[in-house]
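Visitor: 3D model of this:
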Amino acid sequence: MRFEHARIADVDSNLLGTGKIEKAAILGQQGGIWASSPGYTLDTTEQSNIVGAFVDPSKVQAEGIRAAGTKFFTLQANDRSVYGKKGEAGIVTVKTKQAVLVAEYPAGVTPGDATKIVEDLADYLIGVGF
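Guide: Numbers count the residues shown, from 1 in each chain. This next block holds a predicted model:
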């Protein structure tokens, strides 16, 4: 229970609380949603594809990334991070030791600002074993 509350706090404070991330979730690499912002729903296929993107980045590079019913054009994909865009909005996904952070940012937020926020939280989680 304590772990779950800590992860919800990560989404609320460290992602949404910045004002630059609009929707976010933390997925377990072995499956399931550890935490998510209210109303942000990733179906099981989307969850599986997001986690799987780090195993085969070329697939998500070719096909794009889908989250909460929205398809994003993949800008970059590697074994740590996947970045995508749809119009002026975008998505940042980052793999940690045990989880994958998923964060969508709205139009008006620069991709670099959103990326730094998510990558910094990932670095923190990696540092504490997650």
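Visitor: Show residues contacting the lengthiest helix in the chain.
Guide: Counting residues, the longest helix in the chain under DSSP state H turns out to be helix 111-127. Around helix 111-127, the neighbours that count as contacts under Cβ atoms under 8 Å, 6 or more residues apart in numbering are 10, 14-15, 18, 20-21, 75, 80-81, 83, 85, 90, 92-97, 99, 101, 103, 105. C-beta here means a position set from N, CA and C on the backbone, and glycine is covered the same way.
Visitor: ok, now with 6 Å
Guide: Helix 111-127 is contacted from outside by Asn14, Thr18, Lys20, Gly90, Val92, Val94, Thr96, Lys97, Leu101, Ala103, Tyr105, using Cβ atoms under 6 Å, 6 or more residues apart in numbering.
Visitor: Now do the fourth one against Phe72, distance only.
Guide: In other words, Gly90. Between Gly90 and Phe72 the computed distance is 7 Å (Cβ to Cβ, to the nearest Å).
Visitor: Identify the contacts common to the two.
Guide: Taking Cβ under 6 Å, 6+ apart as the contact definition, Gly90 and Phe72 share the neighbouring residues Gly84.
Visitor: okay, His5: pLDDT?
Guide: Note for His5: predicted pLDDT of 41.
Visitor: Can you name the residues bridging to the residue nearest the centre of the chain?
Guide: Among the residues of the chain, the smallest C-alpha distance to the mean C-alpha position (Cα atoms, centre = their mean) belongs to Val102, namely 1.2 Å. According to DSSP bridges, the residues that bridge with Val102 are Ala25, Thr93.
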